[in-house]
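Colleague: Take a look and give me a structure for this.
(2 chains)
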Amino acid sequence: MPVSLKRDYPETADDVLVGWAQSGDTEAFEQLVFRHRDKIYARALMMMRNEEEAVDLSQEAWVKAWQRLHQFHGESSFATWMTRIVINLCLDQIRRQKKTRAESIEQLEEDAGGVERQMPVEYTNPTEGLEKTEVRRRIDEAMSKLTAAHRTVLVLHEFEGLQYKEIADKIGISIGTVMSRLFYARRRLATLLHGLRRERIE
Amino acid sequence: MKMETCLELQAHLDGELPPGRRDAIQALCAQDAEAQALYQSLKTLRETVRDHEPEHRLSESREFYWSQIQRRIASAEAQAAPAPRTLSAWSQLFRWLVPLGGLAAVALIFTLKDPARPGNVAFNTAPNPATSVEYRSDADGVTVHWIN
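Modeller: Here you go, the predicted model:
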């Protein structure tokens, strides 16, 4: 009797599924894909802001994961390991795109320094009183208006929980640049969220 | 406010401020309204973003998404496979052809060296001091010149 008939994949924990997949069980790997595909896709979409690219890169991440499954020893959760793979693929893609197109005016201004300080400090919470889903939607909308460079730093810091040095190493920039990009991204995001709030009120 | 101070306020919020600067930035937040407002604004935004990570779901069905991954894995494995079989078949053939060819050559020489074989003719055509023997086999359609 084939092994797959005896295994209850949906009820099995990630680490066990990984072990089975490491020994060649593709059904176990399929279950892992099914379980985490939305999260991996969401992370790619957050970074790239393009659905087609996000689907493509998320699938590429699963292919890489299958090929490197023997390198996973459970130092982190499988979901974290997968997320790091898709982030690295997104960063590679952003680097390739950066080579082929000019930097935005916004980024050039930011690199020149000082624009963050021209943004007014907002004292109120721009999302206060809103439904959770509406807050998520507005944050998503505002993040889509950031440049790839600012969004990347924000995603790595706020959603991946990486420290300044880890981000600097991953992207290949200085800690000072990480700090200024993060500061700019936060200030810009706050301004955009307040703008969205004002639009709804008017 | 200086940019450097803004970044220090942010680093304080993120827990990344060097220990030697913590007291100074805390004191600044307590005394300077502008610094305090900026710190609070950054803090509010950070908490809001962390608590409301946007969610996105794939529109593709599980089966379709998985089938695409399977196809990519198969394609990658095919590319990573060892050299094509045609090459390996050629090397197998050469492995046998080389010694067989050598054996055939030796057998041919011995056969042609036998002057008693019907149809074989041996005669010396070269002038002295060099000697030369020529064999011709009508049956095999071969002529060999042997020069000493």
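Colleague: contacts and neighbour counts: CA atoms only from here.
Modeller: OK.
Colleague: So what does the residue nearest to the spatial centre of chain A have for phi and psi?
Modeller: With distances taken as C-alpha atoms, centre = their mean, A:Arg43 lies nearest the centre of chain A, 3.6 Å away. Main-chain torsions, A:Arg43, degrees, to the nearest 10: phi -70, psi -40.
Colleague: unless I'm mixing things up, it is touching A:Arg84, no?
Modeller: No: the criterion here is C-alpha atoms under 8 Å, and A:Arg43 misses it with A:Arg84 at 9.7 Å.
Colleague: Break the chain down into its structural domains.
Modeller: No chain specified, so I'll use chain A. A:1-101, A:102-202 (automatic domain parsing).
Colleague: let's do chain B instead
Modeller: The record's domain parsing of chain B by automatic domain parsing lists B:3-51, B:85-147.
Colleague: Can you lay out those domains as CSV showing distance to chain A?
Modeller: Shown next, in CSV, are these (distance: least, C-alpha to the nearest C-alpha, whole Å):
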stretch, distance to chain A
domain B:3-51, 6
domain B:85-147, 23
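Colleague: circling back: confidence-wise, which of the domains of chain A is weakest overall?
Modeller: Within the domains of chain A, confidence is poorest for domain A:102-202, with a mean of 82 (mean pLDDT).
Colleague: Could you list the low-confidence segments of chain B?
Modeller: Low-confidence segments of chain B, defined by pLDDT under 70: B:83-94, B:112-130, B:148.
Colleague: By residue count, which helix of chain A is the longest?
Modeller: Scanning chain A for the helix with the most residues, using DSSP state H, yields helix A:175-201.
Colleague: can that helix be found next to chain B?
Modeller: Yes: residues of helix A:175-201 are located near chain B by C-alpha under 8 Å from any C-alpha of the partner chain, namely A:Met179, A:Ser180, A:Phe183, A:Arg186, A:Arg187, A:Ala190.
Colleague: Scan the residues you listed and report the most crowded one.
Modeller: A:Ala190 (27 neighbours; other C-alpha atoms under 10 Å in any protein chain shown).
Colleague: Go ahead and confirm that one touches B:Arg46.
Modeller: No: counting by C-alpha under 8 Å, B:Arg46 is not a contact partner of A:Ala190; they are 9.7 Å apart.
Colleague: In CSV, list the domains of chain B along with mean neighbour count.
Modeller: Below are those laid out as CSV (neighbours: other C-alpha atoms under 10 Å in any protein chain shown):
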stretch, mean neighbour count
domain B:3-51, 16
domain B:85-147, 12
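Colleague: Need those in CSV (columns: distance to A:Cys90).
Modeller: Output for the domains of chain B, formatted as CSV (distance: least, C-alpha to C-alpha, whole Å):
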stretch, distance to A:Cys90
domain B:3-51, 21
domain B:85-147, 36
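Colleague: what residues are up against the closest residue to B:Cys29 other than its chain neighbours?
Modeller: Distance criterion C-alpha to C-alpha, 6 or more residues apart in numbering or on different chains; nearest residue to B:Cys29, sequence neighbours excluded, is B:Gln36 at 4.7 Å. For B:Gln36, the contacting residues are B:Leu28, B:Cys29, B:Ala30, by C-alpha atoms under 8 Å, 6 or more residues apart in numbering or on different chains.
Colleague: Next, the contact list for residue 43, please.
Modeller: Because you didn't say which chain, this covers chain A. A:Arg43 sits next to A:Thr83, A:Val86, A:Ile87 when contact means C-alpha under 8 Å, 6+ apart.
Colleague: Chain B was what I was after
Modeller: So B:Lys43 contacts B:Leu13 (C-alpha under 8 Å, 6+ apart).
Colleague: where does it land in three-state SS?
Modeller: helix (DSSP: H, G, I helix; E, B strand; the rest coil).
Colleague: Name the residues that touch the helix or strand A:Leu89 falls within?
Modeller: Here A:Leu89 sits within helix A:78-100, counting by DSSP states H and E. Helix A:78-100 is contacted by residues A:14-15, A:18, A:36, A:40, A:43-44, A:47-48, A:57-58, A:60-62, A:64-65, A:72, A:148, A:171 when judged by C-alpha under 8 Å, 6+ apart.
Colleague: got the buried residues for it?
Modeller: Judged by neighbour count using 16 or more other C-alpha atoms under 10 Å in any protein chain shown, the buried positions of helix A:78-100 are A:78-79, A:82-91, A:94.
Colleague: Export it to PDB, keeping only CA atoms.
Modeller: What follows is helix A:78-100, C-alpha atoms only, in PDB (Å, rounded to 0.1, in the frame of the first residue of the first chain):
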ATOM      1  CA  PHE A  78       8.800  26.500   8.200                       C
ATOM      2  CA  ALA A  79       6.700  29.600   7.400                       C
ATOM      3  CA  THR A  80       9.500  32.000   8.500                       C
ATOM      4  CA  TRP A  81      12.000  30.000   6.300                       C
ATOM      5  CA  MET A  82       9.600  30.200   3.300                       C
ATOM      6  CA  THR A  83       9.000  33.900   3.900                       C
ATOM      7  CA  ARG A  84      12.800  34.600   3.800                       C
ATOM      8  CA  ILE A  85      13.100  32.700   0.500                       C
ATOM      9  CA  VAL A  86      10.300  34.700  -1.200                       C
ATOM     10  CA  ILE A  87      11.700  38.000   0.300                       C
ATOM     11  CA  ASN A  88      15.200  37.200  -1.200                       C
ATOM     12  CA  LEU A  89      13.600  36.500  -4.600                       C
ATOM     13  CA  CYS A  90      11.700  39.800  -4.400                       C
ATOM     14  CA  LEU A  91      14.900  41.700  -3.500                       C
ATOM     15  CA  ASP A  92      16.700  40.100  -6.400                       C
ATOM     16  CA  GLN A  93      13.800  41.100  -8.700                       C
ATOM     17  CA  ILE A  94      13.800  44.700  -7.300                       C
ATOM     18  CA  ARG A  95      17.500  44.900  -7.900                       C
ATOM     19  CA  ARG A  96      17.100  43.800 -11.500                       C
ATOM     20  CA  GLN A  97      14.300  46.300 -12.100                       C
ATOM     21  CA  LYS A  98      16.300  49.100 -10.400                       C
ATOM     22  CA  LYS A  99      19.100  48.600 -12.900                       C
ATOM     23  CA  THR A 100      16.700  49.000 -15.800                       C
END
